[in-house]
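**Student:** I'll drop the sequence and a predicted model, then ask my questions.
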Amino acid sequence: MINQNDEFQEIRSAVRALCADFPDEYFRTLDAQRAYPEKFVDALIQAGWLSAMIPEEYGGSGLGLTAASVIMEEINRCGGNSGAVHGQMYNMGTVLRNGSRAQKEKYLPRIAAGELRIQSMAVTEPTTGTDTTKLKTTAVRKDDRYVINGQKVWISRVQHSDLMILLARTTPLAEVRKKSEGMSIFIVDVKEALSRGMTARPIPNMVNHETNELFFDNLEIPAENLIGAEGQGFRYILDGLNAERTLIAAECIGDGYWFIERATRYANERVVFDRPIGKNQGVQFPIAAAYIEVEAANLMRYEAARLFDTHLPCGAQANMAKYLAAKASWEAANVCLQTYGGFGFACEYDIERKFRETRLYQVAPISTNLIFSYVAEHLLGLPRSF
Ligand SMILES: Cc1cc2nc3c(=O)[nH]c(=O)nc-3n(C[C@H](O)[C@H](O)[C@H](O)COP(=O)(O)OP(=O)(O)OC[C@H]3O[C@@H](n4cnc5c(N)ncnc54)[C@H](O)[C@@H]3O)c2cc1C
């Protein structure tokens with residue numbers, strides 16, 4: 001029914017085959033327990049899907065962002081949630097683009113081999129939120145180490161990752177020329193950090209997503225764990241966000257198709273007033289409208305990925321793809337819930353679970369207002385508002 005005649009059929013079939021071993025019931029049970037899909041993630045790692053973007057010279061498959069986004073899309077389209085794993089795709093890119101040769105040789109082959117996970121990135125802080133350049137976590141150089149103090153919030157997958165990318169201020173805000181300068185990124189060995197000054201406190205939340213408050217109390221990390229040049233970390237993080245946004249857009253597209261397929265099937269099967277509910281245009285038109293929106297958002301997702309893969313600027317397209325896809329998947333979710341009527345609220349149909357999951361994308365990893373602000377200021381030349 002749904003047009004997917006792209007050149008990624010082999011990837012799609014292989015990911016679908018893997019996902020078939022993890023049916024709705026698997027994710028539903030874990031959702032009720034708020035437990036991490038460990039077996040599913042292991043299977044993805046063993047099959048090499050999470051090292052798709054690691055270059056072949058470091059043991060990965062050397063695929064581009066477009067192919068990686070297809071992997072994420074298929075996971076969500078099969079009823080799963082890429083939120084358990086997507087960090088590995090873009091955090092690896094931060095090391096690849098900005099790390100030293102020694103760092104790449106140390107980490108990337110082991111990530112590709114499935115021995116290490118680099119699932120976490122710690123940027124957001126409780127008091128400063130979206131105003132990232134005001135973040136308060138500090139990294140102070142002391143001989144051959146940096147000493148970290150401060151706090152982060154909403155840091156995902158920490159309990160299921162070996163490595164974490166941390167953004168901290170190395171030069172006080174008052175001493176920098178531009179507020180985006182003076183921040184640096186570090187590779188943190190999670191297990192070591194948890195025994196030497198970092199505390200993680202899980203945040204119970206609306207979806208089955210492992211995310212945490214982090215507290216740093218004189219955590220010492222080796223100076224060699226600094227990625228790239230001191231003071232340039234914010235720029236490095238921004239470079240990685242286009243990949244993240246495009247991958248998230250693909251996940252939303254996967255969700256969107258999942259909702260439309262479920263809604264269509266149910267509308268054909270459910271008989272009320274002696275006819276399938278889908279015979280009523282009041283039921284079928286919203287499903288058709290949601291499908292159109294997902295298809296349109298999908299075009300922008302492919303455009304963002306294409307530009308990224310050809311090393312052209314893609315910030316505008318990545319932001320717009322994320323906005324359009326998150327909106328389309330949310331509308332599809334709403335239509336699907338409405339089509340199911342009361343049964344949409346029953347856990348056994350999985351609609352309410354996916355409904356909650358896809359809602360997150362309006363807020364994280366970037367909220368819709370901040371995308372509007374980017375487009376208004378950077379594409380349309382409207383005055384900067386903050
Ligand atoms: C489940 C989950 C997982 C997450 N995982 C991670 C992670 O792994 N790593 C990480 O670093 N962060 C993570 N985040 C944090 C996420 O990126 C932020 O929640 C998000 O960027 C919004 O920031 P905030 O929550 O601080 O909202 P705030 O900055 O407090 O903003 C609140 C609301 O006000 C709006 N707003 C704020 N300022 C303006 C303005 N000037 N104009 C218009 N509107 C404005 C925002 O759009 C938002 O809707 C996660 C969040 C969630 C919920």
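**Tutor:** Cool, the structure landed. Numbers count the residues shown, from 1 in each chain.
**Student:** pick out the residue of the protein closest to the ligand.
**Tutor:** The ligand sits closest to residue 129 of the chain, with a gap of 2.6 Å, by C-beta to the nearest ligand atom. Yep, even glycine has a C-beta here, placed from its N, CA and C like the rest.
**Student:** a strand runs through that residue, doesn't it?
**Tutor:** No. Counting by DSSP: H, G, I helix; E, B strand; the rest coil, residue 129 is not part of a strand but coil.
**Student:** where does this protein dip in pLDDT?
**Tutor:** 1-5 (pLDDT under 70).
**Student:** residue most distant from the centroid, it?
**Tutor:** Outermost residue of the chain with respect to the C-alpha centroid, by C-alpha atoms, centre = their mean, is residue 274; its distance is 43.9 Å.
**Student:** measure that residue to residue 118 for me?
**Tutor:** 57 Å (C-beta to C-beta, to the nearest Å).
**Student:** what does the stretch 251-386 of the chain have sitting close to the ligand?
**Tutor:** Within the stretch 251-386 of the chain, the positions near the ligand by C-beta under 6 Å from any ligand atom are 360, 363, 364, 365, 366, 367, 369, 370, 373, 386.
**Student:** next, format those residues as JSON lines and append secondary structure.
**Tutor:** Shown next, in JSON lines, are those (three-state DSSP):
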{"residue": "360", "secondary structure": "helix"}
{"residue": "363", "secondary structure": "coil"}
{"residue": "364", "secondary structure": "coil"}
{"residue": "365", "secondary structure": "coil"}
{"residue": "366", "secondary structure": "coil"}
{"residue": "367", "secondary structure": "coil"}
{"residue": "369", "secondary structure": "helix"}
{"residue": "370", "secondary structure": "helix"}
{"residue": "373", "secondary structure": "helix"}
{"residue": "386", "secondary structure": "coil"}
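**Student:** ChimeraX command for the buried members of these?
**Tutor:** A single ChimeraX command is used to select the members of those judged buried by 16 or more other C-beta atoms under 10 Å:
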select :360,365,366,373
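**Student:** please identify which pair of the residues of the stretch 251-386 of the chain next to the ligand lies farthest apart.
**Tutor:** Spatially, the most separated pair among those is 360 and 386, at 23.8 Å (C-beta to C-beta).
**Student:** could you pull out the helices for this structure?
**Tutor:** 9-20, 24-33, 38-46, 65-77, 87-98, 101-112, 190-194, 233-269, 281-309, 315-340, 351-359, 368-374 (DSSP state H).
**Student:** what residues does the last one touch?
**Tutor:** Where contact means C-beta atoms under 8 Å, 6 or more residues apart in numbering, the residues beyond helix 368-374 that reach it are 130, 315, 316, 319, 320, 322, 323, 326, 327, 362, 385, 386.
**Student:** the fifth one reaches residue 301, doesn't it?
**Tutor:** If I follow you right, that is residue 320. No. Residue 320 lies out of contact with residue 301 (C-beta atoms under 8 Å); the separation is 9.5 Å.
**Student:** ok, the nearest residue to residue 127 once chain neighbours are set aside - how many residues close by?
**Tutor:** Of all residues not flanking residue 127 in the chain, residue 136 sits nearest, at 6.6 Å (C-beta to C-beta, 6 or more residues apart in numbering). Residues lying near residue 136 (other C-beta atoms under 10 Å) number 15.
**Student:** ditto for residue 105
**Tutor:** Residues near residue 105, counting by other C-beta under 10 Å: 13.
**Student:** look up how far residue 112 lies from it.
**Tutor:** Counting by C-beta to C-beta, the gap from residue 105 to residue 112 is 12 Å.
**Student:** what residues do the two have in common as contacts?
**Tutor:** In contact with both residue 105 and residue 112: residue 58, using C-beta under 8 Å, 6+ apart.
**Student:** coming back round to it: surely the residue nearest to residue 127 and residue 129 touch.
**Tutor:** No. Between residue 136 and residue 129 there is no contact under C-beta under 8 Å: 11.7 Å.
**Student:** who touches stretch 266-281?
**Tutor:** With C-beta under 8 Å, 6+ apart as the criterion, stretch 266-281 contacts 264, 283, 284, 287, 339, 340.
**Student:** who's the closest spatial neighbour of the third one, skipping the chain neighbours?
**Tutor:** Excluding the flanking residues, the one nearest residue 284 by C-beta to C-beta, 6+ apart is residue 278, at 5.3 Å.
**Student:** so what touches stretch 215-229?
**Tutor:** 94-95, 98-99, 102-103, 137, 139, 141-152, 165, 184-189, 193, 196-199, 201, 233, 236.
**Student:** close to the ligand, is that stretch?
**Tutor:** No. Contact of stretch 215-229 with the ligand is not found when judged by C-beta under 6 Å from any ligand atom; the minimum separation is 13.9 Å.
**Student:** how about residue 353: what's its closest non-neighbour residue?
**Tutor:** residue 31 (5.2 Å).
**Student:** re earlier: among residue 320 and residue 301, which residue is more densely surrounded?
**Tutor:** residue 301 (28 against 21).
**Student:** what separation do you get for that one and residue 68?
**Tutor:** Distance from residue 301 to residue 68, by C-beta to C-beta: 12 Å.
**Student:** isn't residue 319 right next to residue 246, touching?
**Tutor:** No. In this structure residue 319 lies outside contact range of residue 246 using C-beta under 8 Å: 9.6 Å.
**Student:** of those two, who's got more company?
**Tutor:** Neighbour count, other C-beta under 10 Å: between residue 319 and residue 246, residue 246 has more, with 32 against 26.
**Student:** I'm done for today, thanks for sticking with me.
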